[in-house]
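Chemist: Fold the following for me, if possible:
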Amino acid sequence: MRLKHLAPVLATAGLIATTVPLLTATQAAAAPAADHLRQKPAWQRCSPEQPASYECATLKVPLDYRRPDGRTIDIAISRMKSEDPAKRHGVLLLNPGGPGGPGLDLPLMMDGMMPKEVREGYDLIGFDPRGVGASSPITCGLNDAEQAFDRAYRPETFPSDVTWARTVADKCREKAGAVLPHITTRNTARDMDTIRAVLGEKKISYVGYSYGTYLGAVYSQMYPERTDRFVLDSGVDPQRIWRGMIQVWATEAEPAFARWTQWAAERSAEFGLGDDPKAVSATFWGLVERADREPIDFEGLKVTGDMIRSARGMFFYPAQATPLIAALKAAAEGTPQAAGADVAALKLQLLGRTAEEPATDNGTAAFWAVVCGDTGNWPRYTEQYERDAAKDKVKYPLYGDFASNIKPCAFWDRPVESATPMHKKANVLTVQNEWDSQTPLTSGQGLHRALKGSRMVLAAGGEGHGVYLVDPNSCANAPVNTYLATGKLPAQDVTCQNPPAAAERRGSAPAKPLPFPGVPGRF
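Modeler: Predicted structure coming up:
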């Protein structure tokens with residue numbers, strides 16, 4: 001999605017004091033730190049089942065940083081310390097993406113994955129962002145149907161789409177109205193700076209994936225003097241927050257689809273989808289039309305044409321998409337194939353899920369809070385969504401209408417503050433796969449352009465959402481490790497070639513070692 005623009009804040013406290021008289025330099029120097037900056041974490045073992053080195057604590061932070069002495073919320077943090085104090089460089093904060101993704105267990109997960117020369121340089125710090133997981137979680141009280149993100153555009157169903165969007169916004173306002181305006185990227189960046197302060201660090205280093213790249217970018221603009229070694233992996237374009245980041249799923253699904261048709265055609269003897277890309281495309285759209293007329297019984301799941309189109313992300317992984325489409329074709333022809341583990345996992349994509357049971361609505365509530373509360377750029381008129389969805393269904397037939405259809409943000413309250421402008425130099429490292437379904441290459445390039453002074457590492461041929469440590473064979477891991485170990489950015493942008501076998505391996509094994517939100521509607 002598009003994550004973007006927010007204004008600088010008072011460097012010492014991370015807040016905008018619009019109602020407080022300006023202090024003189026002498027007064028400012030003498031002013032005591034706010035209470036939330038003076039607290040000390042009470043570290044304790046996270047769980048008897050986890051290593052003793054994995055410690056947890058809870059911090060109190062202002063709900064509204066403009067009122068630092070007002071209501072507070074909890075921020076759950078974790079750490080695994082460097083085992084070599086002599087080589088310790090500082091703290092490395094971690095974020096897995098979202099918005100709405102919990103990150104408390106990331107130190108435990110990444111501890112054994114980082115090479116020794118990187119790992120010994122840092123205390124790994126995880127945290128659940130405000131409103132998420134163990135950090136004063138919010139809820140909108142949404143049922144499974146109300147959490148469903150992908151809604152195809154049809155003139156006859158658009159009024160019900162409007163009702164859905166309004167219902168979600170109303171329920172969120174009713175359940176969490178006092179908190180919702182403050183669940184934003186800017187406030188999460190302020191929370192990160194509170195973590196820095198209470199840990200006694202002058203600067204922080206950071207690895208953020210997907211939405212976490214926008215969070216890191218915002219921090220780098222709000223606190224440039226406290227930004228150390230930042231790795232922003234699978235980038236959100238700040239100019240696209242947030243409607244444009246959803247719409248980029250539609251524009252970039254089209255070249256991914258074309259690439260898939262070529263891949264499948266080259267293996268027509270194995271999969272039988274067509275001898276050339278045009279024939280493969282015809283097979284696919286024939287399945288969509290057939291499923292629109294009468295849902296296909298796919299291992300007990302009634303698959304509609306809209307469900308097939310909404311699984312647009314699979315086409316970024318040709319080795320993953322091809323057996324699924326072949327299995328759907330066989331089911332439609334009455335000759336279903338034997339179910340395999342891969343087909344079972346891919347079946348979940350048609351449901352827009354990564355697990356058999358839908359999650360609670362905490363992640364969904366936090367997602368809409370950030371996406372709608374970060375920016376006031378969402379259209380407020382239902383007619384614009386209808387026009388855009390109808391137009392984009394023709395222009396981007398795979399996913400265009402889903403992307404441009406109405407969202408709850410049309411009925412959200414106006415944001416408390418503006419998005420963060422990307423004006424300040426940021427000596428950070430951005431990392432990108434060439435074929436990424438959630439934050440496509442054009443989005444990562446937009447982040448790189450927005451952050452003046454940044455360098456980009458591009459894994460040519462790389463498939464998947466998330467690069468560093470997510471794919472242990474990625475050619476991007478080495479330059480990232482060098483940067484984290486030394487603090488030296490590459491002299492220029494780096495494009496490396498991923499091993500040819502890596503893409504097919506990633507395609508056939510969608511499980512990932514890090515907990516990225518992987519369902520539609522997550523970055």
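Chemist: what's stretch 268-280 in contact with?
Modeler: Stretch 268-280 is contacted by residues 258, 260-262, 264-265, 281-284, 322-323, 325-326, 329 when judged by C-beta atoms under 8 Å, 6 or more residues apart in numbering. (Each C-beta comes from the backbone N, C-alpha and C, glycine too.)
Chemist: Top of those by number of neighbours, please.
Modeler: With neighbours set by other C-beta atoms under 10 Å, the maximum within those is found at residue 264, which has 29 neighbours.
Chemist: Isn't residue 404 up against residue 386?
Modeler: No. With contact defined as C-beta atoms under 8 Å, residue 404 does not reach residue 386; the gap is 9.2 Å.
Chemist: The two - which one has more neighbours?
Modeler: Neighbour comparison, residue 404 and residue 386: the larger count goes to residue 404, with 26 against 19 (by other C-beta under 10 Å).
Chemist: Now the more buried one. Nearest residue, chain neighbours left out?
Modeler: residue 388 (4.0 Å; C-beta to C-beta, 6 or more residues apart in numbering).
Chemist: For the host helix or strand of that neighbour, what is the distance to the chain centroid?
Modeler: If you go by DSSP states H and E, residue 388 is part of helix 382-395. On the basis of C-alpha atoms, centre = their mean, to the nearest Å, helix 382-395 sits 25 Å off its chain's mean C-alpha point.
Chemist: Quick one: mean pLDDT for it?
Modeler: For helix 382-395, the mean pLDDT works out to 98.
Chemist: What are the contacting residues of it?
Modeler: Taking C-beta under 8 Å, 6+ apart as the rule, helix 382-395 contacts 153, 155, 158, 162, 247, 250, 379, 400-401, 403-407, 410.
Chemist: Just the buried residues of those.
Modeler: Those of the contacts of helix 382-395 that meet the buried threshold are 153, 158, 162, 247, 250, 379, 400-401, 403-407, 410, by 16 or more other C-beta atoms under 10 Å.
Chemist: buried ones in stretch 320-338?
Modeler: Buried, per 16+ other C-beta under 10 Å, within stretch 320-338: 320-329, 331-332.
Chemist: I'd like these written out as JSON lines, with secondary structure, distance to residue 210 and pLDDT added.
Modeler: Conversion of the buried residues of stretch 320-338 to JSON lines gives the following (DSSP: H, G, I helix; E, B strand; the rest coil; distance: C-beta to C-beta, whole Å; pLDDT from 0 to 100):
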{"residue": "320", "secondary structure": "helix", "distance to residue 210": "19", "pLDDT": "89"}
{"residue": "321", "secondary structure": "helix", "distance to residue 210": "21", "pLDDT": "93"}
{"residue": "322", "secondary structure": "helix", "distance to residue 210": "25", "pLDDT": "94"}
{"residue": "323", "secondary structure": "helix", "distance to residue 210": "26", "pLDDT": "92"}
{"residue": "324", "secondary structure": "helix", "distance to residue 210": "23", "pLDDT": "90"}
{"residue": "325", "secondary structure": "helix", "distance to residue 210": "26", "pLDDT": "94"}
{"residue": "326", "secondary structure": "helix", "distance to residue 210": "30", "pLDDT": "94"}
{"residue": "327", "secondary structure": "helix", "distance to residue 210": "29", "pLDDT": "92"}
{"residue": "328", "secondary structure": "helix", "distance to residue 210": "28", "pLDDT": "93"}
{"residue": "329", "secondary structure": "helix", "distance to residue 210": "32", "pLDDT": "95"}
{"residue": "331", "secondary structure": "helix", "distance to residue 210": "33", "pLDDT": "93"}
{"residue": "332", "secondary structure": "helix", "distance to residue 210": "34", "pLDDT": "94"}
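Chemist: So residue 377, which state does it fall into?
Modeler: coil (DSSP: H, G, I helix; E, B strand; the rest coil).
Chemist: Can you report how many residues lie near it?
Modeler: 16.
Chemist: what's the pLDDT at it?
Modeler: For residue 377, the model assigns a pLDDT of 95.
Chemist: what's in contact with the helix or strand hosting residue 161?
Modeler: Element membership for residue 161, per DSSP H and E: helix 158-176. Helix 158-176 is contacted by residues 138-142, 146, 151, 153, 180, 365, 368-369, 372, 382, 386, 389, 405-413 when judged by C-beta under 8 Å, 6+ apart.
Chemist: Mark which of these are buried, thanks.
Modeler: 138-140, 142, 151, 153, 180, 365, 368-369, 372, 382, 386, 389, 405-412.
Chemist: Got phi/psi on residue 63?
Modeler: The phi/psi pair for residue 63 (degrees, to the nearest 10) reads phi -60, psi -40.
Chemist: Which residue ranges of the stretch 251-400 of the chain form helices?
Modeler: With helices called from DSSP state H, counting those that start in this stretch, the stretch 251-400 of the chain shows them at 268-271, 277-293, 305-310, 318-332, 341-350, 362-373, 382-395, 400-404.
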